[in-house]
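Asker: give me a 3D structure for the following:
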Amino acid sequence: TNHIEAIEYYDGKDFNELIYKTGYYSGIYSPSTVSATNYPVNETGVLEVVSCLEQREETLVWVGFACQTYKTYTGNMYIRGYYTSLGWTDWKKVTIS
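Answerer: I've put the predicted structure just below:
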């Protein structure tokens, strides 16, 4: 079977800190995310991170943006963005009408 490996587990981590590497983060504990922080909903799922952040050599400051999508095992999806000049947007639930 084809599958994509998670680059890391999010258990015990702050979702706000998971912005520097593009990839997938999965939970190992179920049925909740209670060991993590700054997640959108207390349901186990997969966090997808798309990072367009780079560290400037002269200042070592990270600049750019990142996007996080959280897909729960019950089928819900949430999305938010991070911009170095503005910080985090709120989590928004993705709904199909």
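Asker: after the helix or strand where V49 lies, next one along is what?
Answerer: Using DSSP states H and E, V49 sits in strand 45-55. Note on strand 45-55: by DSSP H and E, the next helix or strand toward the C-terminus is strand 62-72.
Asker: OK, contacts around the most centrally placed residue in the chain?
Answerer: For the chain, the residue nearest the mean C-alpha position is Q68 (4.0 Å; CA atoms, centre = their mean). For Q68, the contact set (CB atoms under 8 Å, 6 or more residues apart in numbering) comprises F15, L18, I19, L47, E48, V49, I79, R80, G81, Y82. For glycine as for every other residue, the C-beta is placed from the backbone atoms N, C-alpha and C.
Asker: cool, E48 as well?
Answerer: Contacts of E48 (CB under 8 Å, 6+ apart): G23, Y24, Y25, Q68, T69, Y70, K71.
Asker: tell me the one of these nearest V34?
Answerer: Distance to V34, by CB to CB, is smallest for Y70 among these, at 14.6 Å.
Asker: in a markdown table: the contacts of Q68, plus pLDDT and distance to K93.
Answerer: Compiled in a markdown table, the contacts of Q68 are given as follows (pLDDT from 0 to 100; distance: CB to CB, whole Å):
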| residue | pLDDT | distance to K93 |
| --- | --- | --- |
| F15 | 94 | 15 |
| L18 | 93 | 19 |
| I19 | 92 | 20 |
| L47 | 94 | 15 |
| E48 | 95 | 15 |
| V49 | 95 | 18 |
| I79 | 98 | 8 |
| R80 | 98 | 11 |
| G81 | 97 | 15 |
| Y82 | 95 | 18 |
